[in-house]
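**Q** structure here, sequence nowhere to be found:
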């Protein structure tokens, strides 16, 4: 195969990047809204823009509580919000970060395969991982930056023989734990890699061990520094972010083959697993063992339900696609050495067609069905935000909690940020009771307990106990908002 010039390679990479970014932005701008949880991040970005500081003590969430989170990602977006509106920054920048993964995948693939064509095709596939697209499209999630940086750290670790890459790795060591706790995944990966290297008797340089220990120490130190209060309050349950048992399975789901196929794509999944087996038990390569170690650590964490399914499958999908690059090189090297060399172009077209069916089409489906807050919900809450006084408190389903506090005026009863939240399990039970009980006094007593002034009724939900005597309908569209007009004689202790 004729060698591709370096300028041509980067021109093609930029074209792929622009194509992936255009794909993402097209679906991102199908709605002006974001996913419900994204409104927490948008509110923090607004606060940083206005005051230069994030909100660590909030009087609106849960009626008053403290937040513990890593704000570097929010500062980055807030910096760009001086040039473009925050709503645009929230749509554009996370998708730019996520699409930039293709450059890192190319560099890793080129380092492993030494084949430009295989690396370019691998980079293209990495731009269309269905689960990665859906989890970073409209979420304003730190994962859109953290996941590419995790793989950039792997690349610099692979290139540790050169001093400049060691410097880059050290910089990333300090940056990664300041963006998201998922940097802890790399600690597991590095130690599994060390164990495998010992078993296979790979030549293990002192620098490698030093970098592993340095990364481990810095990551754990920063994580403990930020989350020490949460650890003292929640103990080991901090791992599950204090998520109530009733909704824990929604966040930490058991991985299944169906999840893997739909989230990653059947072609990269099968081929990636084949290459994983080949280089684990037949051929030994350090760089492939490093990727294998990351795959094993993610698979174990998913099996133990220690990381969310979206995060785990996103990282696992990228690893399998990088391994697919090795298969691509091996396959076409073999074809070109046989009498079937003239069929290489046909084989390439077949692979492209399979990729279209198993990756791009599922990516379109995932992107088109990505959850965003609907206009009926945001319009109703925005109306109440404009009309409300300082003491307004709205009881609504928990998924709307961050949308309620986004306007900085209305208190919610609960939201999905459970870490350091007061009795979230009981609050979820009480919210469900308000919507399900037929007994008016029971519902009013619960609302009194949380100083609720307004009740949100979702579209299609009928609450039998609502009467004109105690509830005044103040907003009547697809969803309804009632103002509470009466209360119980005594309130339960909070």
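**A** Sure thing, it's come through. The structure presented is a predicted model; accordingly, all values stated were derived computationally and were not measured. Numbering: from 1, shown residues only.

**Q** nearest residue to residue 466 in space, please, no chain neighbours.
**A** Spatially, and ignoring its direct neighbours in sequence, residue 466 is nearest to residue 482 (6.4 Å; Cβ to Cβ, 6 or more residues apart in numbering). Every C-beta, even on glycine, is put in place using the N, C-alpha and C of the backbone.

**Q** now swap in residue 209 and tell me
**A** residue 194 (7.2 Å).

**Q** the one you found: neighbour count?
**A** 17 (other Cβ atoms under 10 Å).

**Q** so what's residue 416 up against?
**A** When contacts are counted by Cβ atoms under 8 Å, 6 or more residues apart in numbering, residue 416 touches 36-37, 40, 398-399, 401-402.

**Q** just put these in TSV and tack on distance to residue 23 and neighbour count.
**A** Below are the contacts of residue 416 laid out as TSV (distance: Cβ to Cβ, whole Å; neighbours: other Cβ atoms under 10 Å):
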residue	distance to residue 23	neighbour count
36	23	24
37	23	19
40	26	24
398	32	20
399	27	16
401	31	27
402	27	24
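
**Q** ok, so of those residues, who is nearest residue 302?
**A** residue 37 (20.4 Å; Cβ to Cβ).

**Q** now the closest one. Its backbone dihedrals?
**A** In terms of degrees, to the nearest 10, the main-chain angles of residue 37 are phi -70, psi -20.

**Q** also residue 439?
**A** phi -100, psi 120.

**Q** domain ranges for this structure, per the record?
**A** Following automatic domain parsing, the chain resolves into domains at 6-30+100-368, 375-484.

**Q** so which of those gets nearest residue 65?
**A** Per Cβ to Cβ, nearest to residue 65 of the domains of the chain: domain 375-484, 5.6 Å.

**Q** measure that closest one end to end?
**A** 24 Å (Cα to Cα, to the nearest Å).

**Q** now find how far off-centre that domain is within its chain.
**A** 27 Å (Cα atoms, centre = their mean, to the nearest Å).

**Q** tell me the mean pLDDT over it?
**A** On average, the pLDDT along domain 375-484 is 90.

**Q** change the start of the numbering to 38 and stick with it
**A** Right, with 38 as the first residue, what we last looked at is domain 412-521.

**Q** pretty sure the residue nearest to residue 503 contacts residue 492?
**A** Yes: counting by Cβ atoms under 8 Å, residue 519 touches residue 492, with 4.6 Å between them.

**Q** give me the common contacts of these two.
**A** Common neighbours of residue 519 and residue 492 (criterion: Cβ under 8 Å, 6+ apart): residue 508.

**Q** hmm, back to that, want to throw the domains of the chain into JSON lines with distance to residue 101?
**A** Putting the domains of the chain into JSON lines (distance: least, Cβ to Cβ, whole Å) gives the following:
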{"stretch": "domain 43-67+137-405", "distance to residue 101": "16"}
{"stretch": "domain 412-521", "distance to residue 101": "8"}
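
**Q** residue 97: which of those is closest?
**A** domain 412-521 (4.2 Å).

**Q** who's in contact with residue 302?
**A** Residue 302 makes contacts with 165-167, 354, 392, 395-396, 399, as judged by Cβ under 8 Å, 6+ apart.

**Q** quick revisit: tell me who's in contact with the residue nearest to residue 503.
**A** 491-492, 494, 503, 508-511.

**Q** three-state assignment of it?
**A** Secondary structure for residue 519, judged by DSSP: H, G, I helix; E, B strand; the rest coil, is strand.

**Q** separation between residue 449 and residue 98?
**A** According to Cβ to Cβ, to the nearest Å, residue 449 stands 6 Å off from residue 98.

**Q** mutual contacts of those two, please.
**A** Taking Cβ under 8 Å, 6+ apart as the criterion, residue 449 and residue 98 both touch 438, 442.

**Q** surely residue 203 meets residue 242?
**A** No: using Cβ under 8 Å, residue 203 is not in contact with residue 242, being 11.6 Å away.

**Q** next one: the strand or helix carrying residue 351 to chain centre, how far?
**A** Element membership of residue 351 [criterion: DSSP states H and E] is helix 346-373. Distance, stretch centre to chain centre, for helix 346-373: 21 Å (Cα atoms, centre = their mean).

**Q** return the set of buried residues in it.
**A** For helix 346-373, the neighbour count (16 or more other Cβ atoms under 10 Å) marks 346-366, 368-369, 372 as buried.

**Q** distance of the spatially most central residue of the chain from residue 201?
**A** Geometric centre of the chain, nearest residue: residue 180, 4.3 Å, by Cα atoms, centre = their mean. For residue 180, the distance to residue 201 (Cβ to Cβ) stands at 27 Å.

**Q** can you check residue 449 too?
**A** Residue 449 sits 49 Å away from residue 201, going by Cβ to Cβ.

**Q** quick one: which of those two has more around it?
**A** Comparing residue 449 with residue 201 by other Cβ under 10 Å, the one with more neighbours is residue 449, at 26 against 9.

**Q** against residue 73, how distant is the more buried one?
**A** Counting by Cβ to Cβ - residue 449 and residue 73 are separated by 12 Å.

**Q** shared neighbours of these two, anything?
**A** Common neighbours of residue 449 and residue 73 are listed as 437-438 (criterion: Cβ under 8 Å, 6+ apart).

**Q** so what's residue 180 up against?
**A** Counting by Cβ under 8 Å, 6+ apart, residue 180 touches 172-173, 217, 219, 347-348, 351.

**Q** make it 6 Å
**A** Contact partners of residue 180, counting by Cβ atoms under 6 Å, 6 or more residues apart in numbering, are residue 173.

**Q** got the angle between the lowest-mean-pLDDT helix or strand in the chain and helix 346-373?
**A** In the chain, no helix or strand scores lower on mean pLDDT, DSSP states H and E than helix 294-301, which sits at a mean of 72. Put simply, helix 294-301 runs at 70 degrees to helix 346-373, going by axes from the mean of the first three to the mean of the last three Cα atoms, to 10 degrees.

**Q** just the residues contacting helix 294-301, thanks.
**A** Residues from elsewhere that reach helix 294-301, judged by Cβ under 6 Å, 6+ apart: 167-168, 306, 350, 354.

**Q** mind running it again at 7 Å?
**A** Helix 294-301 has contacts (Cβ atoms under 7 Å, 6 or more residues apart in numbering) with 166-168, 306, 346, 350, 353-354, 357, 399.

**Q** and that helix, which residues are buried?
**A** In terms of neighbour count (16+ other Cβ under 10 Å), helix 294-301 has its buried residues at 296-301.

**Q** next, the angle helix 294-301 makes with the helix or strand that that helix is followed by.
**A** Toward the C-terminal end, the helix or strand that comes next after helix 294-301 (DSSP H and E) is helix 303-318. Angle between the axes of helix 303-318 and helix 294-301 is 110 degrees (criterion: the same axes, to 10 degrees).
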